[in-house]
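In: Quick one, what's the 3D model for this:
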Amino acid sequence: MSDPHPHRPPRTLPTHVDKRTLFERLLEFLSPGPDSRDELIETLADAEQRELIEPESRLMLEGVIRMADMRAGDVMVAAPRMDLLDIDAPYDELLQVVIATGHSRFPVYEGERDKVIGILMAKDLLKLQRAPELNLRTLLRPAVFVPESKRLNELLRDFRSNRNHLAMVIDEFGQTAGLITIEDVLEEIVGEIEDEFDEKDGDNSVYTLADGSHRVAGDAPIASVNAAFGTQLSEEEFDTIGGLVAQQLGRVPRRGEAVDVASLRFSVMLTRGGAVRWYRVSRLEAGEAAAELD
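Out: Got it, this is the predicted structure:
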């Protein structure tokens with residue numbers, strides 16, 4: 001008698017055995033996992049409320065998720081605010097800029113600020129001090145250029161693999177749009193990284209920087225700003241300095257923009273979630289235009 005199913009393959013055991021219990025599979029069916037990033041972020045918030053993860057862990061995980069959609073142009077330091085060194089400047093002038101800003105790396109330009117020819121490590125200036133006959137050009141390291149559209153997660157991977165901590169950002173026309181550092185990228189995950197040279201002024205919203213200017217949080221109380229600078233900014237309409245600055249400009253300022261309020265200049269250092277996270281605040285020089293607020 002012939003086999004009624006001559007072409008049926010022999011039965012084999014499944015290569016993957018689902019070890020979940022019936023209850024676990026039923027629970028997943030009734031409560032499926034998140035289908036979008038927004039749902040995933042809501043799931044993380046729910047996990048925090050149920051004390052499954054710490055608040056700091058949730059914020060870092062959210063930062064990783066949101067960073068995947070961000071690009072270099074979103075967090076770069078705009079070209080007008082870049083601290084650059086002139087290749088033809090005398091040593092004393094270079095040293096003064098390095099001390100005043102406190103950076104560890106500087107783009108170096110020749111002729112025009114847009115013509116960056118390399119990166120100088122601040123510590124390499126010591127070599128010039130000990131051997132003045134050295135040519136500054138020999139101390140420059142190659143500059144890395146990335147487009148504004150470069151995704152932050154890809155940029156972070158490049159920073160790690162190339163052991164690079166700074167990249168120049170160029171726009172669609174090949175012009176210098178700004179610069180971005182590995183610290184800028186990491187801050188999108190872990191939040192603001194305090195500088196070891198920052199000196200706290202009374203609370204967590206106003207810091208004194210190495211060059212004598214101040215770093216002020218966007219949500220800093222106006223009263224704290226008045227106390228730090230000896231000003232009398234109005235507290236009638238707004239409680240925070242961010243609201244006052246936005247009113248003065250007519251909108252929320254973008255990174256790299258500066259707004260003059262009374263005797264102070266507020267330059268945007270960092271934005272996040274459509275709001276200003278940090279301002280660099282300096283006093284206006286005599287003769288500079290300043291908007292007076294009652």
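
In: ok, residue 127 touching residue 133?
Out: No - in this structure residue 127 lies outside contact range of residue 133 using Cβ atoms under 8 Å: 10.7 Å. Heads up, the C-betas are built off the backbone N, CA and C, glycines and all.

In: Compare the two (neighbour count), which wins?
Out: A count of neighbours by other Cβ atoms under 10 Å puts residue 127 above the other of residue 127 and residue 133, at 14 against 5.

In: Give me the three-state assignment for residue 116.
Out: strand (DSSP: H, G, I helix; E, B strand; the rest coil).

In: Would you mind listing where the stretch 151-294 of the chain has pLDDT under the threshold?
Out: Confidence mapping of the stretch 151-294 of the chain against pLDDT under 70 gives the ranges 191-204, 210-211, 272-274, 286-294.

In: so where do the helices sit in it?
Out: Taking DSSP state H, counting those that start in this stretch to define them, one finds helices in the stretch 151-294 of the chain at 152-162, 182-190, 222-229, 241-249.

In: so which of those helices gets nearest residue 52?
Out: For these, the distance to residue 52 is smallest for helix 182-190, at 20.0 Å, taking Cβ to Cβ.

In: what does that closest one contact?
Out: 60, 63-64, 66-67, 70, 75-77, 152, 155-156, 159, 164-166, 193, 270, 272 (Cβ atoms under 8 Å, 6 or more residues apart in numbering).

In: Narrow these to those that are buried.
Out: 60, 63, 66-67, 70, 75-77, 152, 155-156, 159, 164, 166, 270, 272 (16 or more other Cβ atoms under 10 Å).

In: Go through those residues and name the one nearest residue 234.
Out: residue 270 (25.2 Å).

In: Quick check: the closest one touching residue 277?
Out: Yes - in this structure residue 270 lies within contact range of residue 277 using Cβ under 8 Å: 4.3 Å.

In: any idea how far residue 150 is from the nearest residue to residue 237 once chain neighbours are set aside?
Out: Once flanking residues are discounted, residue 237 sits nearest to residue 247: 7.1 Å by Cβ to Cβ, 6 or more residues apart in numbering. Computed as Cβ to Cβ, to the nearest Å, the residue 247 to residue 150 distance reads 34 Å.

In: The two - which one has more neighbours?
Out: Comparing residue 247 with residue 150 by other Cβ under 10 Å, the one with more neighbours is residue 150, at 19 against 14.

In: Chain neighbours aside, what residue packs nearest to that one?
Out: Here the residue nearest residue 150, using Cβ to Cβ, 6+ apart, is residue 72, at 4.3 Å.

In: How about residue 103?
Out: Closest to residue 103 by Cβ to Cβ, 6+ apart is residue 83, at 6.0 Å.

In: residue boundaries of the strands in the stretch 101-250 of the chain?
Out: Assigned by DSSP state E, counting those that start in this stretch, the strands in the stretch 101-250 of the chain fall at 105-110, 112-121, 145-147, 166-170, 176-181, 199-200, 206-208, 214-217.

In: Save the ones you listed as TSV, and put in distance to residue 228 too.
Out: Shown next, in TSV, are the strands of the stretch 101-250 of the chain (distance: least, Cβ to Cβ, whole Å):
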stretch	distance to residue 228
strand 105-110	29
strand 112-121	32
strand 145-147	37
strand 166-170	31
strand 176-181	27
strand 199-200	11
strand 206-208	5
strand 214-217	7
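
In: do you know how far the residue nearest to the spatial centre of the chain is from residue 263?
Out: Among the residues of the chain, the one closest to the centroid is residue 184, at 3.2 Å (Cα atoms, centre = their mean). As defined by Cβ to Cβ, residue 184 lies at a distance of 30 Å from residue 263.
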